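Following is a predicted model, sequence given first.
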Amino acid sequence: MTASPARSPTPLVALSGVTKSFGAVRALGGVDLAIGPGECLGLVGHNGAGKSTLMQILAGTLHHDEGTLVAGGAPTGAFSVGAAHDAGIRCVFQELSLCPNLSVAENTRLRHPGLKGFGWRQPAGALIEATLSEIFPGHTIRPDDLVADLELGERQMVEIAMNFTATGDRPRLVILDEPTSSLDHSVAAQLLAHVRRFVAAGGSVILISHILGDILGTSDRIVVMRDGRVVAERPAAQFDRAALVAAMGHVAETAPETAAAAVAEARPADRPIVEARPPRQRGARSLTLYPGQIVGLAGLAGHGQTALLRLIQNAAGSTSRFAKVEGSVAFVAGDRQADGVFPLWSIGQNVTIRSLAALSRFGLIDGRRERAVEEAARETFQIRTPDMDDNILTLSGGNQQKALFARALASDAAIIAMDDPMRGVDVGTKREVYARIAEEAEKGRAFLWYTTEFDELLNCSHVYVFRSGEIVADLPRGELTEEKVLQSSFEETADA
Amino acid sequence: MTRFSSRVLRSAVPALSFGVILAAIFVIQPRAMSYVGMNLMLNLALPIAFATIAQLFVLTIGDLDLSIGGFVSLVACIAATWLNDTPLLGVAALLACIGVYALLGALIHWRNLPSIVVTLGMSFVWLGCAVLILPSPGGSAPTWLTAIVKFKTPYVPLSILGAAVLAFVVHVALMRSAAGVVLRGAGGNAQAVARAGWSLLRVKVTMYALAGCFGVLSGLVLVGTTTSADANIALRYTLFSIAGAILGGAEFTGGRVSPIGAVLGALTLALVGSLLSFMRISPDWQIGAQGIMLIAVLALRTLVNRLEAREA
Amino acid sequence: MSEATLTTKRPGLKRLGRSYPFLFSFVGAAVIFAVTLVVNSFNGAGPILTAALTFGAFTVVVGLGQMFVITTGPGNIDLSVPSTIAFAGAVAMKLMEGQDSLIFLGLAAALGVGLVIGAFNYLLIRALKIPPIIATLSSSFIIQSLAIAYGRGLMIKPPPLLAEIATGRVAGLPIVALVALALSLVMAVVLHRTVYGRSVAAIGQNIRAAGLAGVKVDRVRFATYVLSAMLAALCGTLLAGFSGGASLNMGEEYLLASIAVVVVGGSAVAGGSSNVSGIWGAALFLTLLVTMLNTFGVGAGVRQLLTGLIIIAVITLAGGRKGARH
Amino acid sequence: QEASDKTFALSNNYAGNSWRQAMIKSWETGTKAAVEAGAAKAADAFTTGENSPTEQAAQLQNLILQGYNAIVLNAASPSALNGAVKEACDAGITVVSFDGVVTEPCAWRVAVDFKKMGVDQIDYLATRYPDGGNLLEIRGLAGTSVDDEIHAGLLEGIKKHPNFKIVREVQGDWTQTVAQKSVASVLPSLPEIVGVVTQGGDGYGAAQAFEAAGKPVPTIIMGNRQDELAWWKEQKDKNGYETFSQSIAPGVSTLAFWVAKEILDGTEVPKDLSVPTLRIDQDGLEKGLEMTPEGGVTNVEYTEEQAKAVIAGK
Ligand SMILES: Nc1ncnc2c1ncn2[C@@H]1O[C@H](COP(=O)(O)OP(=O)(O)OP(=O)(O)O)[C@@H](O)[C@H]1O
Ligand SMILES: Nc1ncnc2c1ncn2[C@@H]1O[C@H](COP(=O)(O)OP(=O)(O)OP(=O)(O)O)[C@@H](O)[C@H]1O
Ligand SMILES: [Mg+2]
Ligand SMILES: [Mg+2]
């Protein structure tokens, strides 16, 4: 059902019949889309639906094959980065594009060619500082911090702020491709509030997210994509969660409580397989994990959860002062570019790397068994690709994430450490993965699950809340409430 | 707070190693603590510092230049022959050399080639040209060049002043200026720079041309000091320049470089040689001692980083 | 530059180069061989090829080790190859005392020297966190001193049997080439079909992700530096057998050569992807290039110039390959 | 003894072959005796690893700083060290160069006539092959003066005996393995040749290459390495193989030392001295082989008297 065009008579950008193919993969199969001034367009779709590809075309970093693109009232033949910029289009890409070796202010200068001449540093710093404070009041990022030294979430904040800053020409359309996937709840809320303010002031935003609540609560209009086409387009008020999920092509949702109920009762065996204390922990608190248990790590991003997961991963098979681990550990990265993906390899090789020892016979990797594992991974996780031999980077962000999941679950590890692993994964897949996790736990595998989404904690039988590198609360499933988690995350003296 | 202080500490390491070696030299050979002494120890380090900076430009964009030694040799040969006999031809030849460097940058970008292979090939090309121009060692540096390089500056030797100016100028241009941000950014995340609308081709060409410029300066300073040339004169500069840049804290990927560190690194390498010769080691072990000294200098860096990690 | 470079299906020359990055070194070698034959009015094809195989074989042996090192990621390179060749060769010759019965002892000792050198290199890299290029450069200085103090540059004759093996032929093919070929086959299997080989490639692409994916980063890197040094030691022993004894400078030419065969052979300079066949192509290419230029009889300057230009021409025609983009 | 308070330094630029090792060894044994005898206060040896003029120039400057009275120098380049040598002279240091001599006028040169080494090779071949013939030349390190001079000498010899012709010129880099490879690579395309002219030390590698290719070995001029002499002896005993061998004795470092001492003692010494090469002919082969250490180079060490004789031009 193709709905009415944008409300405004002259849309900022309008696409019609846009197609894009990568070799045999048809990423976009004729998309019509228009966005007018002063609106927030929510864009949703399953992993690999073509959202990012479409946005890259709008940003001028990819060229479409067929169709027309009208920006600023005039049709543009070859749309380039420069033309997009001139039309006031800014894009926060799904895979961040900051230079890690430069400071925040320097990255700002890179985006804003106008910042130059003697003494450019001061205004650049002031500019980004002002925007950061406007969008994310209370942030602790300083303009001369190196991006490499920032947490993933902080980088995301910088990237977002940079695209909302104005030098000379104001941004008119800001594209946010999964901006909240690595942000804390409160920070995400700040961003969404800013989006509303920006839209109210006459700007436009395209918001892409797999967190449907964000989309429903922030957008004026929602466009649903499936397999490279727009399949639904309506004012946001006419959608609810179930309708969105259905439009995306997923089966209707069962209540989340059911999945959680399955894991509500942990079955501690007599001996824990992980006992760990964060290096900075004061007091006697420590983390324990039993076979078959799903343990959640909560708290604000960057408060030592990832560090503890890595510590446990490193302690497997060796001795550590801080952790005792029995059994091997597989890690599911959240920051997939830095911690997960092997960019020169095929999807298949990326999946099997963790299981090679088990796939070997007489010291040689058995090609047939490797292939079988690859195909099984594609089946179970519905990785959208014509060929597991294609390069991993040909996958959409969410599909890459699925491959990383498949890597860990295909392995023989007794313990799976998950570092906020659902970033960018679509609702349908998420649900399937939750089910897989519960199933595997049933079989005796243990999970350590760091997540920034409260709902995911409901899948855990036990939750540890982290603050400043310490465990500050220790909540069994029965006592788990969002208030308690938030309270422990923020309060300075929770256990004093 | 800690983010900042650790960065300061990290960048102070090259200065620290330089200081430690210098102090050791002064203890062993007090005579070195003088205008003449410093000049004798460091004037041949100045051309290495220029070559190191040339290498640094290439390292900044994540490439490696294996041809800089051959290039400096060629420049020295040109300077000791054509530049002296027919200055116009000499200047034209040197400009052409820089042009070739810039073209290399373009070629590497255009065909997406590994810089190591291209510059490996170029190292033969430069050396071949040098041998053709100067089949047998000789020639003589233009008198004006010798006069500049041997100029006796008051209080502080020219080699130290020169190195300081070099470090400062390149630091300002690469680390502080608005244009420098784009150049370094291309080493950190080329795709981000392209997405921000900058031309990567121009970045590459600029960096290779700059490398060529500083290679030419290196050759000129060198031949001004030695007064005459030799086709093999600077072949070792390739290794020296890489070692100097690394001692100065540069990394092979990600556009992480430090011009001040690189210049200090080059000077430190020279001081290591002096210190060794003052220590009067048996000739069998002199070469090995050089290796041990390099290890010691870099171990110092690790030690500082460890301390820093403990602080944090 | 853009994601578009990642698409797998593209036509023509470029695609060929992408899927078989080593092809161009073989094509280059073949062209140069043909030119040499034409200049030589089609005489001596057999002997030219035999000579190229012989001398190429030594480069292949060290190149294999260097390949694994380079594959472990940007900045990884083994500069201690030349001095290891010299030192291990000297140790082998001295222990063999020119007697056939002591060949195994000498060979084992040389390999032992390689093992110690590789372990020392990785100790510097890991424990002292010294960048590999400087670590191996420093250790090459130390090894050179050891070689000087140990052998004083005196050439000790190899045992006759070793000399015979090193210079001999089987069915018209040089034995050293057959040895190198067997070694290459083993290494190709190791690279592509073992956990170790995969681990090396994984580390080369993203060391952090490799660690998190369960790769034993330290063990693999240690093994890689040891492998490189041991292959250099083997090369040193064979070379000493071939040229009538170990000399201090016999490894010198293998510094550039070992790196050149890897990168010209189509392995990614930034690590993570490599191939064994390319090393053979590049080794033949580089040795035949020397033959061709010597056959032309041009002077040293022109010879160097042409060497450089031909290398650049081949790599330019081969074109870029997908680089590591994170 | 007048010079007993004087200090000497040897500055060497390359340590990677047996000739250089023997040279340093001769210096050490020769000067140790001199120091013990009170003829000098100290005589230290310094060497750099790779053949690099800039590294050696830096080394010279460090030696200046240490206040040696004399520097005995085997230079990496005849010209590129001139700046540093001049500085040494200006600092009142006596600089004596040998083997690799420097052109800076303030320094002394204990030189070998490299050009003559080239001419002699052709002269010898002319006695062996009056009808002339084709020759293969193995060059040294490109761009160095020694390589250039020997090559010039060969060309001069050919001018004298025009029935000889250099049909191929290959690069040997003064490294046996390189020479062996280069020779092997041109053998298939080589016409009939009568002799191989060399720069010393490459003879054995060349012989190996010919033998490996199954070709008759022509007359190869040798360079006093033990392996060359041993091979020659073997061939001589087997089939009467004839050639000659020539090289500078590594012990010339001691000669330069004594010359430096004479200069410091105030003797008037001409700036250019020449030492003859050490030549081994067919008859002297056995004696030469005896003089040569296993795996090393034929060597002689010089005495103070011999130095005086050289200075006197005898
Ligand atoms: N460079 C490329 N080469 C080949 N195929 C590609 C490339 N980029 C994207 N694709 C394919 O195009 C399709 C659309 O990808 P896109 O990244 O637009 O999805 P998406 O909707 O953003 O998904 P996600 O929610 O996972 O981010 C996918 O099937 C993907 O595999
Ligand atoms: N020289 C090395 N040898 C072996 N492994 C290494 C080496 N350097 C890094 N690693 C591995 O790569 C990982 C990442 O290294 P990196 O230097 O980025 O860590 P870091 O910056 O201290 O980590 P973080 O960013 O979490 O603070 C390390 O945890 C280690 O496992
Ligand atoms: Mg996407
Ligand atoms: Mg880090």
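Received the coordinates, thanks. Numbering: from 1, shown residues only, chains lettered A, B, ... in the order given. Ligands and ions are numbered 1, 2, ... in the order given.

so how far is B:G121 from the residue of the stretch 1-150 of chain D found nearest chain B?
Closest contact between the stretch 1-150 of chain D and chain B, by C-beta to the nearest C-beta, is at D:G143 (3.1 Å). Quick note: C-beta positions are derived from backbone N, CA and C, even for glycine. Going from D:G143 to B:G121 by C-beta to C-beta, to the nearest Å gives 19 Å.

Tell me which of these two has more neighbours.
Neighbour count, other C-beta atoms under 10 Å in any protein chain shown: between D:G143 and B:G121, D:G143 has more, with 29 against 25.

Do you know the pLDDT at the more buried one?
In this model, D:G143 is scored at 78, pLDDT.

and what of C:K216?
pLDDT, read off for C:K216, is 92.

which stretches of the stretch 51-200 of chain D form strands?
D:70-73, D:94-98, D:108-111, D:133-139, D:164-171, D:195-197 (DSSP state E, counting those that start in this stretch).

Over to the stretch 51-200 of chain C?
Using DSSP E, counting those that start in this stretch, strands in the stretch 51-200 of chain C cover C:169-170, C:173-174.

Can you tell me the strand partners of the last one and which way each runs?
The sheet places strand C:173-174 alongside strand C:169-170 (antiparallel), with pairing taken from DSSP bridges.

does chain B sit close to stretch C:205-219?
No - using C-beta under 8 Å from any C-beta of the partner chain, stretch C:205-219 never reaches chain B; the gap is at least 11.0 Å.

roughly how far out does that stretch sit from the chain middle?
Centroid separation for stretch C:205-219 versus its chain: 25 Å, with C-alpha atoms, centre = their mean, to the nearest Å.

Quick one: distance of stretch B:169-181 to the chain centre.
Worked out by C-alpha atoms, centre = their mean, stretch B:169-181 lies 17 Å from the chain centre.

Quick check: closest non-adjacent residue to the residue of the stretch 1-150 of chain D closest to chain B.
B:A231 (3.1 Å; C-beta to C-beta, 6 or more residues apart in numbering or on different chains).

which one of the strands of the stretch 51-200 of chain C has the lowest average pLDDT?
Among the strands of the stretch 51-200 of chain C, strand C:169-170 scores lowest, at a mean of 88.

Of all residues in chain A, which one is nearest the centre?
Residue closest to the average C-alpha location in chain A (C-alpha atoms, centre = their mean): A:R423, at 2.8 Å.

Now do it against C:V195, distance only.
29 Å.

What of A:E379?
25 Å.

Compare the two (neighbour count), which wins?
Taking other C-beta under 10 Å, A:E379 and C:V195 do not tie; C:V195 has more neighbours (20 against 10).

from what I can see A:A188 touches A:D214, true?
Yes - if you go by C-beta atoms under 8 Å, A:A188 and A:D214 touch, sitting 6.8 Å apart.

Please identify every residue contacting each of the two.
Counting by C-beta atoms under 8 Å, 6 or more residues apart in numbering or on different chains, the common neighbours of A:A188 and A:D214 are A:T180.

What residues does chain C have near ligand 2?
C:126, C:207-208, C:211, C:217-218, C:221 (C-beta under 6 Å from any ligand atom).

What subset of those is buried?
C:207, C:211, C:217, C:221 (16 or more other C-beta atoms under 10 Å in any protein chain shown).

where's the first one relative to chain D, distance?
Using C-beta to the nearest C-beta, to the nearest Å, we find C:I207 at a distance of 32 Å from chain D.

coming back round to it: can you add secondary structure and distance to chain A and give the residues of chain C next to ligand 2 back as CSV?
Formatted as CSV, the residues of chain C next to ligand 2 follow (DSSP: H, G, I helix; E, B strand; the rest coil; distance: C-beta to the nearest C-beta, whole Å):
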residue, secondary structure, distance to chain A
C:R126, helix, 15
C:I207, helix, 11
C:R208, helix, 6
C:G211, helix, 8
C:V217, helix, 10
C:D218, helix, 10
C:R221, helix, 16
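
so which two of those residues are the farthest from each other?
C:R126 and C:R208 (15.6 Å; C-beta to C-beta).

quick one, what contacts the nearest residue to D:F164 once chain neighbours are set aside?
With sequence-adjacent residues excluded and distances taken as C-beta to C-beta, 6+ apart, D:F164 is closest to D:G132, at 4.7 Å. Neighbouring residues of D:G132 by C-beta under 8 Å, 6+ apart: D:126, D:161-165, D:194.

now, the most widely separated pair of these?
Maximum distance among the contacts of D:G132 (C-beta to C-beta): 14.6 Å, for D:P162 and D:V194.

who's more crowded, these two?
D:V194 (16 against 8).

Could you report the neighbour count for B:I287?
Neighbours around B:I287, by other C-beta under 10 Å: 26.

Verify the contact between it and C:I143 for me.
No - with contact defined as C-beta under 8 Å, B:I287 does not reach C:I143; the gap is 9.4 Å.

And the residue lying farthest from the centre of chain A, what's its pLDDT?
Taking C-alpha atoms, centre = their mean, the residue of chain A most remote from its mean C-alpha position is A:F362, at 40.0 Å. You'll see A:F362 listed with a pLDDT of 88.

what residues are up against the residue nearest the centre of chain C?
In chain C, the centroid-proximal residue (C-alpha atoms, centre = their mean) is C:G63; its distance is 1.0 Å. Residues in contact with C:G63, defined by C-beta under 8 Å, 6+ apart, are C:257-258, C:261-262, C:265, C:279, C:282-283.

do that again at 6 Å, thanks
For C:G63, the contacting residues are C:258, C:261-262, C:279, by C-beta atoms under 6 Å, 6 or more residues apart in numbering or on different chains.

How much space separates it from chain A?
21 Å.

which stretches of the chain have low pLDDT?
By default, I'm working from chain A. Applying pLDDT under 70 to chain A flags residues A:1-9, A:72-78, A:250-270, A:491-496.

wait, chain D
For chain D, the stretches flagged by pLDDT under 70 are D:1-3, D:314.

can you count the residues close to A:G117?
9.

Please identify the helix or strand for it.
Using DSSP states H and E, A:G117 sits within no helix or strand.

what's the closest non-adjacent residue to it?
Excluding the flanking residues, the one nearest A:G117 by C-beta to C-beta, 6+ apart is B:A178, at 6.9 Å.

pretty sure the one you found is in contact with A:P113, am I right?
No - contact criterion C-beta atoms under 6 Å: B:A178 and A:P113 do not qualify, at 8.8 Å.

Same drill for these two, tell me which one is more crowded.
Set B:A178 next to A:P113 and count neighbours by other C-beta under 10 Å: B:A178 wins out with 19 against 16.

phi, psi of B:F278?
phi -70, psi -20 (degrees, to the nearest 10).

For it, give me its contacts.
Contacts for B:F278 (C-beta under 6 Å, 6+ apart) come out as B:28-29.

which parts of the helix ranked longest in chain B are buried?
Taking DSSP state H as the criterion, chain B has its longest helix at helix B:283-311. For helix B:283-311, the neighbour count (16+ other C-beta under 10 Å) marks B:283-295, B:297-301, B:304, B:308 as buried.

mind checking how far D:L65 is from D:A84?
D:L65 is 12 Å from D:A84, by C-beta to C-beta.
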